[in-house]
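Asker: What follows is a protein structure lacking sequence information:
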Ligand SMILES: Cc1cc2nc3c(=O)[nH]c(=O)nc-3n(C[C@H](O)[C@H](O)[C@H](O)COP(=O)(O)OP(=O)(O)OC[C@H]3O[C@@H](n4cnc5c(N)ncnc54)[C@H](O)[C@@H]3O)c2cc1C
């Protein structure tokens, strides 16, 4: 049997759904493989690329966003195309793809939040941190949300990096925020914020917190916010002490040392306070129509199998707060016509090959990134993950395990989108928007001012495309 590795005249055609890090790493591995000729079309529901690098990574962490320079190089490849403002499951469906490509890679990330499952979760002023993050970063679906920043005391539930991002953004001064690419609407709202105390509530102990050390350390250098940690909450139970002593996790030991340092530094009379609390699990949000308090149960660390887990005690505490951000993780959402594991919030797969509920392989379908392995890991974690998926895909191609597209011509998809009246954006369009955002920022001494409405993006492009050439 002849193997299929693509030729210039008859390349392997791959559709990638989504344009976050996992999508770009997948494109990079597909396009740079010396033994295959692959054409990549990337479909993104927003007019702009880069997923959570644009819509998740905190605005005061600009260095992390420079990863897009590598994505930019991939986008310049002659066999790469970007189709923005195209939603899979709405503008395009599975049969459209199977009729035009040899394979599809789902790289749609985890688009919603996990629920706490406690009474009062849906009270007013209780929000998913995902919404707040998307709002301050200018995701068009969330830009019209409003957060009651007239409250003085806020609880952020969770002990990961997203919780720390949220606490830090709430604690920053308007001057600090103005130096970032935070959206205009968020800058204005946060400048008027009356928040004074931000409680970060973690269900585990200080030895198990999931922060990265750099993020934790950064809390100690905010212009106008002190970090407060009750030394009693840093006292270690025997299991945690043994865990740190064993040297099993360097990060845990580093984090613990940073927490001790922050606790010792004490308060310096700054205007805001970030209070880190440990071993507390919310059991209820209290209030008549809006949040007035969070009731927590105090935990102790116990051993469950090989794991140290937070186990509830009989001890409860009610903490008055007027605003709550729940930051306990993201969760994937199903795509129409694509297998989905509701429990884990992922597309079920074996090493990136999509499988159905009977464990059978779905020919031509692959997954990558957070929708493949769940919402864990940093941007770089998506690279080896993408490499694995691409290896599986190219191996399957060689054995003709792919879609048999009736219409594999390159123009077929453009024609279909035009017939459907879908106003898609290209990578060139994104470069125009990028430049416009930077210029709009420069005009007011900021690094960038983002467009936050799809209509505004499309009309800005329209204006540029129809501007008279001088
Ligand atoms: C708040 C937050 C902050 C973070 N900060 C950092 C950090 O500082 N440093 C770091 O290394 N990592 C950070 N991460 C982790 C990092 O962002 C992820 O590892 C990475 O973005 C996951 O990549 P992905 O491609 O799987 O998903 P995503 O980045 O979420 O990309 C998915 C893309 O798919 C698109 N999409 C979804 N559905 C459809 C559809 N139906 N049709 C078309 N397109 C669709 C989405 O619009 C999106 O563009 C952060 C994560 C979060 C949530």
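Answerer: Arrived safely. Here the structure is a predicted model, which means the values were calculated and not measured.
Asker: Which elements pack onto the lowest-mean-pLDDT helix or strand in the chain?
Answerer: For the chain, counting by mean pLDDT, DSSP states H and E, strand 112-113 ranks last in confidence among helices and strands (a mean of 90). Counting contacts by 3 or more C-beta pairs under 8 Å, 6 or more residues apart in numbering; DSSP states H and E, strand 112-113 packs against helix 129-136, strand 330-331. C-beta here means a position set from N, CA and C on the backbone, and glycine is covered the same way.
Asker: Quick one: mean pLDDT over the last one.
Answerer: Going back to what we said before, that points to strand 330-331. Mean pLDDT, computed over strand 330-331, is 94.
Asker: same thing with stretch 231-240?
Answerer: When pLDDT is averaged along stretch 231-240, the result is 94.
Asker: wait, what's in contact with the residue of the stretch 301-450 of the chain found nearest the ligand?
Answerer: For the stretch 301-450 of the chain and the ligand, the shortest gap (C-beta to the nearest ligand atom) falls at residue 369, measuring 2.4 Å. Shown in contact with residue 369 (C-beta atoms under 8 Å, 6 or more residues apart in numbering): 18, 20, 21, 22, 23, 107, 109, 382, 385, 386.
Asker: On the pLDDT front, check it for me.
Answerer: In this model, residue 369 carries a pLDDT of 98.
Asker: Which helix or which strand is home to the nearest residue to it once chain neighbours are set aside?
Answerer: Nearest residue to residue 369, sequence neighbours excluded (C-beta to C-beta, 6 or more residues apart in numbering): residue 22, at 2.5 Å. Counting by DSSP states H and E, the element that carries residue 22 is helix 21-32.
Asker: Now that helix: buried residues?
Answerer: Buried residues in helix 21-32, counted by 16 or more other C-beta atoms under 10 Å: 21, 22, 23, 24, 25, 26, 27, 28, 29, 30, 31.
Asker: Which residue is the nearest non-sequential neighbour of the most centrally placed residue in the chain?
Answerer: The centre of the chain sits closest to residue 52, judged by C-alpha atoms, centre = their mean, with a distance of 4.2 Å. With C-beta to C-beta, 6+ apart as the criterion, residue 52 has its nearest non-adjacent residue at 5.7 Å, and that residue is residue 20.
Asker: so that neighbour makes contact with residue 46?
Answerer: No - with contact defined as C-beta atoms under 8 Å, residue 20 does not reach residue 46; the gap is 10.6 Å.
Asker: In terms of packing, which of these two has more residues around it?
Answerer: More neighbours surround residue 20 than the other of residue 20 and residue 46, with 26 against 21 (other C-beta atoms under 10 Å).
Asker: about what we covered before: would you check that the residue nearest to the centre of the chain makes contact with residue 18?
Answerer: No - in this structure, residue 52 is not within contact of residue 18 by C-beta under 8 Å, at 10.4 Å.
Asker: Can you check which residues contact both of the two?
Answerer: residue 109.
Asker: Pull up the residues of the stretch 51-200 of the chain that are close to the ligand.
Answerer: 51-52, 56-57, 61, 64, 87-89, 107-109, 111, 133, 162, 165 (C-beta under 6 Å from any ligand atom).
Asker: Just checking, which of the residues you listed comes out lowest on pLDDT?
Answerer: Confidence-wise, residue 111 trails the rest of these, at 89.
Asker: tell me the contacts of that one?
Answerer: 330, 332, 333.
Asker: Excluding chain neighbours, what is closest to the second one?
Answerer: Nearest-residue entry for residue 332: residue 345, 3.9 Å, with adjacent residues in sequence omitted and distances by C-beta to C-beta, 6+ apart.
Asker: ok, now which ones touch that neighbour?
Answerer: 110, 114, 330, 331, 332, 333, 374, 375.
Asker: Kindly report the same for residue 153.
Answerer: Residue 153 makes contact with 195, 196, 197, 199, 320, 321, 322, 323, according to C-beta under 8 Å, 6+ apart.
Asker: repeat for residue 118
Answerer: So residue 118 contacts 282, 283, 284, 285 (C-beta under 8 Å, 6+ apart).
Asker: quick one: which two of these are the most distant?
Answerer: 283 and 285 (9.2 Å; C-beta to C-beta).
Asker: Specify the strand with the largest residue count in this protein.
Answerer: Secondary structure of the chain per DSSP state E: the longest strand is strand 307-320.
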